[in-house]
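*Asks:* Structure of the sequence below:
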Amino acid sequence: MAQLMALLDSAIAFGTVIMLGALGEIIIEKSGNLNLGIPGVMFLGAIGGLIPPFFYELGGGSNPIVGILLSLLCSLLFSAFGGIIYAFLTITLRANQNVTGLTLTIFGAGFAEFFGASLNKLAGGVGQISIPVTSAGFRAYTPLGSMGGIMKILFGHGFLVYLALVIAVVLHWFLNHTRKGLNLRAVGENPGTADAAGINVTRYKYVGTIVGSAIAGLGGLFYTVDYIKGTWANDGTVEGLGWLAVALVIFATWKPLNAIWGSYLFGIVMWSYMYVPGLTRSTSELYKMLPYVMTLVVLILVSLRKKRENQPPASLGLSYFREER
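*Replies:* Got it, this is the predicted structure:
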């Protein structure tokens, strides 16, 4: 039972990172943009949320609320900046979306690693970065979580875990029950028709991409300030989880609510190898492939069933040229 609880606890933590990245990408793809730069955006959100509280606490700051607000604000700004870069290149300059996204991933990783290494140097060496006050604020949970057992699994997490669930529900409502959400979906399906109906295609694409990037950046923030307790790890985990977030978008068939259970399932599959006896290092790597295999299976099944509601936006990845309308 203890092993099962530990597995579920790890699955929720990793699932939250993946969920936030996937929710952001769902909004971006609903606008018709295919942003393969989500891992880079998550890198930007991770380092953006680490820099301000580091200097705040280095200067003697001890208020967790101030640290949390600084961390959240700068994480959102950094990741939104990544969205602005992508939007300008693909919407205004009409650059190739696949190339731009991959370039953004490389840029985000390099940017984060440069500043992460700089913070390590200021802190006195690799692994010396510490923001205990802010990290403790992010990881604080209600008294119900201290009861152990299933209560620990349900209520023993920081507020970003529950914020991710709220964001998923709000996005579902926004995309399906609001005029702006339906307009965003129309832009992703057929921007020419949306334009003819008086919808500002450029504005919706820009806003969808920037807001989606800001949400995805929260995934990197959660990993840095909550899961690894406010330090910087140069181990490629953020990038790996970013690609899983992109895969989860397909697995969830572009539906925010599906991203909830899908992300936790990915988390369970990712960590299940830790609880299988007799595994070698090479065999354990096969378990880490399972989320991608599951995504391929879902992609094949969705393609075979050909149900329109489970398909990607019709204009996904295509630049819009108003002159060709």
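
*Asks:* Am I right that residue 193 is in contact with residue 183?
*Replies:* No: contact criterion Cβ atoms under 8 Å: residue 193 and residue 183 do not qualify, at 11.5 Å. No exception for glycine: its C-beta is placed from N, CA and C like everyone else's.

*Asks:* okay, those two: which has more neighbours?
*Replies:* residue 183 (19 against 13; other Cβ atoms under 10 Å).

*Asks:* Residue 194 is in contact with that one, correct?
*Replies:* Yes: checked against Cβ under 8 Å, the pair residue 183 and residue 194 is within contact range at 7.0 Å.

*Asks:* Now do the shared contacts for the two.
*Replies:* Taking Cβ atoms under 8 Å, 6 or more residues apart in numbering as the contact rule, residue 183 and residue 194 both touch residue 204.

*Asks:* So what touches stretch 105-124?
*Replies:* 36-44, 46-47, 50-51, 54, 58, 82, 85, 126-130, 232, 234, 238-239, 242.

*Asks:* In PyMOL, how would I select just the buried ones from those?
*Replies:* The following PyMOL line selects those of these that are buried, judged by 16 or more other Cβ atoms under 10 Å:
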select buried, resi 36+37+38+39+40+41+42+43+44+46+47+50+51+54+82+85+129+130+232+238+239+242
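
*Asks:* Which of the contacts of stretch 105-124 fall within helices?
*Replies:* 38-44, 46-47, 51, 54, 58, 82, 85, 238-239, 242 (DSSP state H).

*Asks:* Leaving out the residues flanking it, which one is nearest to residue 246?
*Replies:* residue 38 (5.5 Å; Cβ to Cβ, 6 or more residues apart in numbering).

*Asks:* Correct me if wrong: that neighbour contacts residue 21.
*Replies:* Yes: here residue 38 reaches residue 21: they are 5.5 Å apart, a contact under Cβ under 8 Å.

*Asks:* Between these two, which contacts overlap?
*Replies:* Joint contacts of residue 38 and residue 21 (Cβ under 8 Å, 6+ apart) are 216, 242, 245, 246.

*Asks:* my read: the first one touches residue 43, true?
*Replies:* No: the pair residue 216 and residue 43 does not pass the contact test of Cβ under 8 Å, sitting 10.4 Å apart.

*Asks:* sec struct for the residue nearest to residue 91 when sequence neighbours are not counted, please.
*Replies:* With Cβ to Cβ, 6+ apart as the measure, residue 205 is the residue that lies nearest to residue 91, at 5.0 Å, once sequence neighbours are left out. Residue 205 falls in the helix class when you classify it by DSSP: H, G, I helix; E, B strand; the rest coil.

*Asks:* Residue 205 and residue 254, how far apart?
*Replies:* Here residue 205 is placed at a distance of 16 Å from residue 254 (Cβ to Cβ, to the nearest Å).
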